[in-house]
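**Student:** just to be clear, the model below is a prediction. Sequence and coordinates:
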Amino acid sequence: MAKIGFIGLGNMGGPMAANLVKAGHQVRGFDLNPAALAALEAAGGTRAGSAAEAAQGAEAIVTMLPAGEHVREVWMHQGGLIEAAVAQGQPLLIDCSTIDVASARTVAEAAAAAGLAMLDAPVSGGTVGAAAGTLTFMVGGTEEAFARARPVLAAMGKTIVHAGAPGAGQAAKICNNMMLSINMIGVSEGFLLAQKLGLDWDKLWAITSTATAQSWALSNYCPAPGPVPNAPSNRDYAPGFMAALMLKDVKLAQAAADATGSPTPLATLATALYQKLVDAGEGARDFSAIFRWLAEQERGKLG
């Protein structure tokens, strides 16, 4: 089993690090939140006083951070993880944050210049998947680095896919979440229309979840309360995956679309709607709370 340094022990990183411990790995972690460090210790890990300290003696170093600027700072600047990693020999570097493709490639290039292999490995599955160890990893980097990382990632996820060269994991993640954001709004609109037409939500779900409207957002995460008992819609939209994070991801997708000239008219509308949801104070709710927000609107008055 490997010695692993883990930086970023929040809602996603904490359960991921705990699953590494469960798999028999030795995990030393760092987070700015003392409660997160205490949770790691309770799970059997060891706390570190800094990111660099967490990297000491590690065979693999994992980060799970909020945004691109945090990733660049921790790996390349004051956090100094790349410099710290060089002093440890040849540890494998893995960033599981969801960030912009350019930042992922910049950090990977800095690692390569220092003689280290780095992967961008963002995840899908939310806090439920993080706790259960069933996350999907979308991985960018070399084939060799991917092979080295697989045993580590397998302790935290169920599906592990090599998407391509550095940055490809982030590209896959923002495309996935862009599609999901659009899909969730479409499912919400369908269930709200059904309600207006007097159609029972359970019956609509039974039909559409096996018909051509079938999707993950519908079958596994139905935004209308009732049909899917484990969905956030039946827990007052407790996340799950927060609306504020979905907004962050669709904005990343929009920035990438602008940079490449890719047409994304539906994603543009989805971004605007999720911005309204967050502005309404619902950013900490699950992103499927877009259903409840839409239910409160009147047709033609969404501007």
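**Tutor:** Right, received. Where do you want to start?
**Student:** I'd say Ser181 and Tyr274 touch.
**Tutor:** Yes - taking C-beta atoms under 8 Å as the definition, Ser181 is a contact partner of Tyr274 at 6.4 Å. For the C-beta atoms, the positions are set from N, CA and C on the backbone; glycine is no exception.
**Student:** who touches both of those two?
**Tutor:** Common neighbours of Ser181 and Tyr274, counting by C-beta atoms under 8 Å, 6 or more residues apart in numbering, are 246, 250, 287.
**Student:** would you turn these into CSV with pLDDT and distance to Val86?
**Tutor:** Shown next, in CSV, are the shared contacts of Ser181 and Tyr274 (pLDDT from 0 to 100; distance: C-beta to C-beta, whole Å):
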residue, pLDDT, distance to Val86
Met246, 96, 36
Val250, 97, 36
Phe287, 98, 39
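**Student:** would you mark the buried spots in the longest strand along the chain?
**Tutor:** Secondary structure of the chain per DSSP state E: the longest strand is strand 157-164. By neighbour count on 16 or more other C-beta atoms under 10 Å, the buried set for strand 157-164 is 157, 160, 162-163.
**Student:** what of stretch 229-245?
**Tutor:** For stretch 229-245, the neighbour count (16+ other C-beta under 10 Å) marks 231-233, 237, 239-245 as buried.
**Student:** now that stretch, how far from the chain's geometric center?
**Tutor:** 15 Å (C-alpha atoms, centre = their mean, to the nearest Å).
**Student:** list the contacts of it.
**Tutor:** Counting by C-beta under 8 Å, 6+ apart, residues outside stretch 229-245 touching it are 11, 98, 126-128, 220-226, 228, 274, 277-278, 282-292.
**Student:** rounded mean pLDDT for that stretch, please.
**Tutor:** Mean pLDDT, stretch 229-245: 95.
**Student:** now the end-to-end length of it.
**Tutor:** 23 Å (C-alpha to C-alpha, to the nearest Å).
**Student:** do stretch 237-248 as well
**Tutor:** End-to-end distance for stretch 237-248, by C-alpha to C-alpha: 18 Å.
**Student:** stretch 134-146 now?
**Tutor:** Terminal-residue distance, stretch 134-146 (C-alpha to C-alpha): 18 Å.
**Student:** list the buried residues of it.
**Tutor:** The neighbour-count check on stretch 134-146 (16+ other C-beta under 10 Å) flags 135-142, 145-146 as buried.
**Student:** of the residues you listed, closest to Thr106?
**Tutor:** Closest to Thr106 out of the buried residues of stretch 134-146 is Gly140 (12.8 Å), distances taken as C-beta to C-beta.
**Student:** I'd say the closest one and Val107 touch.
**Tutor:** No - using C-beta under 8 Å, Gly140 is not in contact with Val107, being 11.2 Å away.
**Student:** touching, Ile7 and Ala60? I think so.
**Tutor:** No - applying C-beta under 8 Å as the test, Ile7 and Ala60 come out as separate, 11.8 Å apart.
**Student:** checking Ile4 next. Helix, strand or coil?
**Tutor:** With DSSP: H, G, I helix; E, B strand; the rest coil as the basis, Ile4 sits in strand.
**Student:** need the pLDDT of it.
**Tutor:** For Ile4, the model assigns a pLDDT of 97.
**Student:** what's the burial count for it?
**Tutor:** As a burial measure, Ile4 scores 27 neighbours (other C-beta atoms under 10 Å).
**Student:** how close does Ala35 sit to Asn11?
**Tutor:** Separation of Ala35 from Asn11 (C-beta to C-beta, to the nearest Å) stands at 12 Å.
**Student:** which one of these two is surrounded by more residues?
**Tutor:** The neighbour count for Ala35 versus Asn11, taken as other C-beta under 10 Å, is higher for Asn11 (17 against 10).
**Student:** now do the contacts for Met178.
**Tutor:** Met178 touches 249-250, 253, 264, 267, 270, counting by C-beta under 8 Å, 6+ apart.
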